[in-house]
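Peer 1: Fold the following, please.
(one chain, ligands or ions: 1)
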Amino acid sequence: MTIAPQLVVHRDKELMAQAAAARLITKIVDAQAARGFASVVLTGGRNGNGLLAALAAAPARDAVDWGRLDLWWGDERFLPEGDPDRNVTQAREALLDAVPLDPKRVHAMPASDGPYGNDADAAAAAYAAELAAAAGPEDHGPVPSFDVLMLGVGPDTHVASLFPELPAVRETERTVVGVHGAPKPPPTRVTLTLPAIRAAREVWLLAAGEDKAQAAAIALSGAGEIQAPAAGAYGRARTLWLLDAAAASRLPRDLYPPASP
Ligand SMILES: O=C(O)[C@H](O)[C@@H](O)[C@H](O)[C@H](O)COP(=O)(O)O
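Peer 2: Here you go, the predicted structure:
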């Protein structure tokens with residue numbers, strides 16, 4: 001039985017990014033205090049990168065022990081190493097190059113000119129194996145129990161590279177798959193699947209901007225996960241939607257408290 005999602009609505013996109021960044025710092029610090037390390041899955045897109053940029057500028061940024069943080073990705077555009085459109089490239093520019101991470105703990109998805117060539121399916125299988133190797137006896141299946149798995153929400157309700165009705169969102173066994181013919185360019189991608197997403201302790205969905213209002217309303221109104229993949233993204237302990245007022249504008253008013261002032 002899945003836990004009902006929690007919603008927090010902020011005044012605008014900038015405040016949502018800043019508040020989400022502060023929330024992530026606290027979550028990482030608490031996990032590191034409790035277990036000695038933390039494990040976070042990053043997302044691409046404007047909201048995901050906006051959160052990373054806000055985190056880079058946050059006064060409490062270095063309360064995080066960056067050397068004991070495991071970073072993974074929810075999806076990646078299957079492009080050559082260093083391509084400006086790769087999620088890892090954008091994450092490095094927004095935050096990662098500014099903090100002292102342990103490179104062995106930064107798990108970027110393979111590039112299209114990497115060891116698996118332009119075979120996205122082989123790259124996906126390799127990332128699944130890397131996740132399985134990082135999973136321990138206390139984890140729930142072949143992926144680590146991520147403390148926080150973040151997902152931007154597309155206007156069509158996609159999350160990661162799980163697009164409505166396409167094969168990847170229907171995957172129930174594998175944890176990582178290749179995506180071909182994605183409606184959001186580039187067409188070839190590598191993505192976690194819903195089973196992998198659901199291994200996370202907490203799943204945070206980021207939705208800011210008027211262009212996400214319909215997607216949020218659809219995903220939070222009981223739509224099925226095949227037609228609305230965001231509806232199938234939930235964590236074992238918590239599912240949190242972080243929105244701005246514009247993205248929340250089509251939600252039933254009784255679904256969430258008023259936006260932060
Ligand atoms: O590779 C990607 O494009 C992202 O992982 C994708 O899932 C993104 O998070 C959503 O499309 C929202 O993107 P925006 O925040 O830019 O709307």
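
Peer 1: Just give me the neighbour total for the residue nearest to Leu69 when sequence neighbours are not counted.
Peer 2: Counting by Cβ to Cβ, 6 or more residues apart in numbering, the nearest residue to Leu69 once its immediate chain neighbours are dropped is Ala38, at 5.3 Å. In short, each C-beta sits where N, CA and C put it, glycine included. The tally of other residues near Ala38 (other Cβ atoms under 10 Å) stands at 24.

Peer 1: which residues sit in contact with Ala38?
Peer 2: Listed by Cβ atoms under 8 Å, 6 or more residues apart in numbering, the contact partners of Ala38 are 27-28, 31-32, 64, 68-70, 147.

Peer 1: What parts of the stretch 151-261 of the chain come near the ligand?
Peer 2: 152-154, 158-160, 184 (Cβ under 6 Å from any ligand atom).

Peer 1: can we see that at 8 Å?
Peer 2: 151-155, 158-161, 184, 189, 206, 208-209, 211-212 (Cβ under 8 Å from any ligand atom).

Peer 1: Specify which member of these is nearest to the ligand.
Peer 2: Gly152 (2.3 Å; Cβ to the nearest ligand atom).

Peer 1: is it true that that closest one lies in a strand?
Peer 2: Yes: under DSSP: H, G, I helix; E, B strand; the rest coil, Gly152 sits within a strand.

Peer 1: looking at it, it is touching Leu51, isn't it?
Peer 2: No: contact criterion Cβ atoms under 8 Å: Gly152 and Leu51 do not qualify, at 9.2 Å.

Peer 1: so what sits against both of those two?
Peer 2: Shared contacts of Gly152 and Leu51, defined by Cβ under 8 Å, 6+ apart, are found at Leu206.

Peer 1: Who has more neighbours out of the two?
Peer 2: Using other Cβ under 10 Å as the criterion, Gly152 and Leu51 rank with Leu51 on top: 29 against 26.

Peer 1: so is that one in a helix, a strand, or just coil?
Peer 2: helix.

Peer 1: So it sits against Ala20, correct?
Peer 2: Yes: between Leu51 and Ala20 there is a contact at 4.9 Å, judged by Cβ under 8 Å.

Peer 1: Touching both of these two, which residues are there?
Peer 2: The contact lists of Leu51 and Ala20 share Leu206, where a contact means Cβ under 8 Å, 6+ apart.

Peer 1: now the protein, which segments are flagged as low pLDDT?
Peer 2: In the predicted model of the chain, residues 1-2, 257-261 satisfy pLDDT under 70.

Peer 1: coming back round to it: inside strands: which ones of the contacts of Ala38?
Peer 2: Judged by DSSP state E, those include 69-70 as members of strands.

Peer 1: Could you export the contacts of Ala38 as CSV, including distance to the ligand and neighbour count?
Peer 2: Shown next, in CSV, are the contacts of Ala38 (distance: Cβ to the nearest ligand atom, whole Å; neighbours: other Cβ atoms under 10 Å):
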residue, distance to the ligand, neighbour count
Lys27, 19, 18
Ile28, 20, 23
Ala31, 23, 21
Gln32, 26, 17
Val64, 22, 24
Arg68, 25, 16
Leu69, 20, 21
Asp70, 19, 19
Asp147, 19, 25
